[in-house]
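**Student:** Take this sequence and fold it.
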Amino acid sequence: MCAKNNNSPLESVSLVSTGAVEIHPEHAYGTRKPDVLWLLTSRKWLPPRPINAYLIEHSGGLVLFDTGQDRASVTDPDYFPKGFVGLIYRRLARFEIGPSETLTEQIKSLGYSISDVRTAVLSHLHQDHIGGLRELSHAEIVVSNDEWEEALKPKAESNGFLRKHIEIPGLKWKRISFQATDDPTLAPFTESFDLMGDGSLILLPTVGHTSGSLSMLVRGGAKNPLLMIGDLSYETEHMERGGIPGVGNKKLLHAASKKVLELKNNMPGLVLLPAHDPGAADRLRRS
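**Tutor:** Predicted coordinates for the structure are as follows:
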């Protein structure tokens with residue numbers, strides 16, 4: 001949790017974890033094997049890692065970055081597609097989500113109510129980032145327009161988009177497009193979106209894992225700035241060594257990672273917070 005700066009609209013930043021997920025080494029660290037081959041043949045699973053979302057207390061209201069995994073994915077036998085596509089989902093990840101690990105319960109544990117959330121920003125529309133949407137019918141849901149368009153393409157389920165869990169009646173969607181920026185503090189990024197209009201929460205395009213993935217820069221608190229990067233990487237140290245994960249467009253993943261590392265080099269103290277990094281909670285506490 002970050003401390004308050006009296007001159008900043010930011011009050012605090014907290015981590016909420018909606019359970020844990022096991023993935024294959026090829027998923028986290030990349031491989032030269034074709035995706036379907038390693039998905040169907042890999043016998044190794046990494047130790048469980050968190051499914052993190054981040055809650056920002058802003059003077060304009062509570063803001064979520066990502067919404068975690070839906071507990072229904074481990075309790076409802078009809079949550080995932082059937083057939084070969086369903087097999088791919090089962091081979092992609094294994095989830096552990098307890099009754100106290102829903103988004104509502106996790107936010108409650110921090111002393112808030114789910115109804116207090118004003119805005120939820122989605123890094124992308126994969127299942128482990130949109131799982132809390134049914135709990136957020138009162139909030140504004142922010143996603144990049146490119147990501148939304150990708151999720152509406154034919155065969156969306158086979159590309160990782162569970163549309164029946166995205167296109168939920170009653171949700172208030174806000175699809176954003178990035179705008180040109182000449183803010184030197186954001187270099188090398190040349191496009192951004194100022195979420196609250198005060199420079200404290202800045203969305204940045206970091207495509208690669210999906211074609212509309214975004215990250216959120218949180219700055220202006222008492223301590224270090226934070227960059228929440230979704231699934232651009234599964235471990236900060238792996239990214240810093242030049243590695244990329246095994247899911248996504250490799251060329252775009254490399255380009256986005258390079259930009260993030262350059263931003264980190266230009267912005268003293270910037271803390272990177274991937275969604276599934278086992279070290280993210282400790283890194284946030286120390287920030």
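
**Student:** from here on, contacts and neighbour counts on C-alpha atoms
**Tutor:** Will do.

**Student:** quick one, what contacts L40?
**Tutor:** With contact set as CA atoms under 8 Å, 6 or more residues apart in numbering, L40 has these partners: 88, 91.

**Student:** Sticking with it, tell me its helix or strand.
**Tutor:** Per DSSP states H and E, L40 falls inside helix 35-41.

**Student:** What of V13?
**Tutor:** Assigned by DSSP H and E, V13 falls within strand 10-22.

**Student:** what mean pLDDT does that strand have?
**Tutor:** Average pLDDT, strand 10-22: 95.

**Student:** So what are the sheet partners of that strand and their directions?
**Tutor:** strand 49-58 (antiparallel), strand 94-96 (antiparallel) (DSSP bridges).

**Student:** Quick check: next helix or strand after the longest one?
**Tutor:** Next along the chain after strand 49-58, taking DSSP H and E as the criterion, comes strand 61-65.

**Student:** which helices and strands sit right next to the helix or strand following that next one?
**Tutor:** Downstream of strand 61-65, the next assigned helix or strand under DSSP H and E is helix 72-75. If contacts are counted by 3 or more CA pairs under 8 Å, 6 or more residues apart in numbering; DSSP states H and E, helix 72-75 sits against strand 94-96.

**Student:** follow-up on the earlier one: pull the distance from the strand holding V13 to the chain's centre.
**Tutor:** Averaged C-alpha coordinates place strand 10-22 at 11 Å from its chain's average position (CA atoms, centre = their mean, to the nearest Å).

**Student:** Repeat that for stretch 104-112.
**Tutor:** On CA atoms, centre = their mean, the centre of stretch 104-112 falls 19 Å from that of its chain.

**Student:** Buried residues, that stretch. List them.
**Tutor:** Judged by neighbour count using 16 or more other CA atoms under 10 Å, the buried positions of stretch 104-112 are 104-107.

**Student:** Can you show me the strands along the stretch 51-200 of the chain?
**Tutor:** 61-65, 94-96, 117-121, 140-144, 172-176, 179-180, 191-194 (DSSP state E, counting those that start in this stretch).

**Student:** if we can go back for a sec, relative orientation of the strand holding V13 and strand 61-65 in degrees?
**Tutor:** 30 degrees (axes from the mean of the first three to the mean of the last three CA atoms, to 10 degrees).

**Student:** So which residues make contact with whichever helix or strand comes after strand 10-22?
**Tutor:** Reading on from strand 10-22 to the C-terminus, the next helix or strand found by DSSP H and E is helix 25-29. Here helix 25-29 makes contact (CA under 8 Å, 6+ apart) with 38, 44-46, 233-234, 238, 243-247.

**Student:** Pull out the buried members of these.
**Tutor:** 38, 233-234, 243-247.

**Student:** from these, which is closest to G208?
**Tutor:** V247 (8.6 Å; CA to CA).
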